[in-house]
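J.: What shape does this take:
(4 chains)
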Protein chains: 2
Amino acid sequence: MSDMKTTIKSVSIDLFFRKGYFATSISDIARGSGIQKASIYYHYPSKEALLFHILKCTMDDLTDYLQQCLAGIEGIETRMRAAVRGHVRFHLQRQKENFIANSELRGLTAEHYREIVKKRDAYELIFQDLIREGTKAGAFPEGDAKILSYAILTLCTAGASWYKDGGRLSVDAIADIYERFILSGLKQGRLDQGGNC
Amino acid sequence: MSDMKTTIKSVSIDLFFRKGYFATSISDIARGSGIQKASIYYHYPSKEALLFHILKCTMDDLTDYLQQCLAGIEGIETRMRAAVRGHVRFHLQRQKENFIANSELRGLTAEHYREIVKKRDAYELIFQDLIREGTKAGAFPEGDAKILSYAILTLCTAGASWYKDGGRLSVDAIADIYERFILSGLKQGRLDQGGNC
DNA sequence: GTCTATAGAGTGATAGAC
DNA sequence: GTCTATCACTCTATAGAC
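T.: Have a look, this model is predicted:
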């Protein structure tokens, strides 16, 4: 990807995050990139193509990252902890893109929308499978895997809407809090391994 | 409020929910309301004023509803359960408005933005106080009240983004799942009252 | 209280020079 | 690969008739 194409992309991510996709104009992106608005169209065929490109990369990287986090990890509870931490870390480290991926899907054409939702569904399925596996193994009580997966994901994703780089809490500290909260929620009053009574 | 003013408001809520504030034009609202676009301005001075009116009402009603839910309830854990249920119920019952209130703040003027954020902060403080009270009383372990309050609220709020009226699960069934998940998360491995060992 | 007509600015995108 | 110029359209909002 040429330098200018990368610049346009990162300027767009910043603007879409701060102002929203529809409130951001091609002129805004051109100004931020230091070129004229017509020049944007040499790199991307349309504003929607630019949005789609950002969302597609984000979703692909997210799924790759989760799979890396889970590779070689054994034991259902440990796997779930790794998945939660991975999800939180990716969302905080690439906050802007993830925020856009969760709020600007309406800017896509019908076809592109379906493609991104398909990727999102596949990602959610990984968590639903972990929940079902954990229930089967007796680590978690019976529960609605779909609702619980939404709960876990939206919880961690929400971090990307208030997290401030260099703020009071580090990425790891936040991941710790969420990991404990979610695992306790999933176990619902069952004792931790080792027990405390 | 006149009939047409009410119609314009509810048409706007529907459109802002489905298409987003910036992607909805005054023409769209007029078409949905069965009048010409100029007539909108007899009822509301601007598009932004219409958005602000919707957000203000939603926030005020939300806070009133929570206070009603908590009135006369004793015991910190019971109060937290009531608060969670109230938050979930309100968000699912007035799904569209709440979705807008959580995604379209950027459409407001700086002054109106501050006003809504102030209301939202006051609402969040109620939950933070419940958490702190619970920690002090020994019902919940030490934790970051701010992060935990965000966790609780975003979790329940997220329901408003996927809930379908008349779908697989009722409002009460969803409230049950969230209530259990959150209370377990807050207690973090502590035994339920009565214990299970 | 709703209409028609329009102002005035901005939008995404294209043509063609360099 | 970036520029200037512009097209065709849409936007919010206002003026003034009825």
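J.: State the mean pLDDT of stretch A:177-191.
T.: Average pLDDT, stretch A:177-191: 85.
J.: I'd like the distance from that stretch to the chain centre, please.
T.: Mean-position distance between stretch A:177-191 and its chain equals 21 Å (C-alpha atoms, centre = their mean, to the nearest Å).
J.: Now the helix ranked longest in chain A: buried residues?
T.: Using DSSP state H to define each element, chain A has its longest helix at helix A:110-136. Using 16 or more other C-beta atoms under 10 Å in any protein chain shown as the test for burial, helix A:110-136 gives A:112, A:115-116, A:119-120, A:123, A:127-128, A:130-132, A:134-135. The C-beta positions use only the backbone N, C-alpha and C, and glycine is treated the same way.
J.: What residues sit buried inside whatever helix or strand comes next after that helix?
T.: Per DSSP states H and E, helix A:110-136 leads on to helix A:145-162 as the next helix or strand towards the C-terminus. For helix A:145-162, burial by neighbour count (16+ other C-beta under 10 Å) applies to A:145-161.
J.: near chain B at all, the helix or strand of chain A with the lowest mean pLDDT?
T.: When the helices and strands of chain A are scored by mean pLDDT, DSSP states H and E, helix A:145-162 comes last with a mean of 90. Yes. Helix A:145-162 is in contact with chain B by C-beta under 8 Å from any C-beta of the partner chain, via A:147-148, A:150-151, A:154-155, A:158, A:161-162.
J.: Please name every helix or strand in contact with the helix or strand just after that helix.
T.: Sequence order places helix A:171-187 as the next helix or strand after helix A:145-162, per DSSP H and E. Packed against helix A:171-187 by the contact rule (3 or more C-beta pairs under 8 Å, 6 or more residues apart in numbering or on different chains; DSSP states H and E) you find helix A:76-93, helix A:145-162, helix B:145-162, helix B:171-187.
J.: Contacts only, for A:Val84.
T.: Contact analysis of A:Val84 by C-beta atoms under 8 Å, 6 or more residues apart in numbering or on different chains lists A:152, A:156, A:175, A:178-179, A:182-183.
J.: Could you list the residues of chain A in contact with DNA strand D?
T.: Counting by C-beta under 7 Å from any atom of the strand, chain A comes close to DNA strand D at A:2, A:4, A:35-39, A:42-43.
J.: Roughly how far does the closest residue to A:Tyr113 other than its chain neighbours sit from DNA strand D?
T.: Excluding the flanking residues, the one nearest A:Tyr113 by C-beta to C-beta, 6 or more residues apart in numbering or on different chains is A:Leu105, at 6.0 Å. With distances taken as C-beta to the nearest atom of the strand, to the nearest Å, A:Leu105 is found 20 Å from DNA strand D.
J.: wouldn't A:Leu105 be in contact with A:Lys118 here?
T.: No. A:Leu105 is beyond contact range of A:Lys118, at 11.9 Å (criterion: C-beta atoms under 8 Å).
J.: DNA strand C contacts on chain A?
T.: Residues of chain A lying near DNA strand C (C-beta under 7 Å from any atom of the strand): A:24-28, A:37-38, A:41, A:45-48.
J.: try it again with 6 Å
T.: A:25-27, A:37-38, A:41, A:46-48 (C-beta under 6 Å from any atom of the strand).
J.: and the longest helix of chain A with helix A:145-162, angle?
T.: Helix A:110-136 runs at 120 degrees relative to helix A:145-162, counting by axes from the mean of the first three to the mean of the last three C-alpha atoms, to 10 degrees.
J.: What is the neighbour count of A:Gly72?
T.: 7 (other C-beta atoms under 10 Å in any protein chain shown).
J.: residues near A:Ala71, how many?
T.: Neighbour number of A:Ala71 under other C-beta under 10 Å is 8.
J.: Same check on A:Leu186?
T.: If we define neighbours as other C-beta under 10 Å, then A:Leu186 has 25 of them.
J.: Contacts only, for it.
T.: A:Leu186 neighbours (C-beta under 8 Å, 6+ apart): A:80, A:131, A:134, A:140, A:143, A:148, A:152, B:181.
J.: Quickly name whichever of those residues is closest to DNA strand D.
T.: Relative to DNA strand D, the closest of the contacts of A:Leu186 is A:Ile152; by C-beta to the nearest atom of the strand it sits at 37.1 Å.
J.: distance of that closest one from DNA strand C?
T.: 35 Å.
J.: Correct me if wrong: that residue contacts A:Phe127.
T.: Yes. The criterion here is C-beta under 8 Å, and A:Ile152 meets it with A:Phe127 at 6.0 Å.
J.: ends of stretch A:60-79, how far apart?
T.: End-to-end distance for stretch A:60-79: 20 Å, by C-alpha to C-alpha, to the nearest Å.
J.: that older thread, is it possible to get TSV of the residues of chain A next to DNA strand C that adds secondary structure and distance to A:Ile13?
T.: Below are these laid out as TSV (DSSP: H, G, I helix; E, B strand; the rest coil; distance: C-beta to C-beta, whole Å):
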residue	secondary structure	distance to A:Ile13
A:Ser25	coil	15
A:Ile26	helix	15
A:Ser27	helix	17
A:Lys37	helix	18
A:Ala38	helix	21
A:Tyr41	helix	19
A:Ser46	coil	17
A:Lys47	helix	14
A:Glu48	helix	15
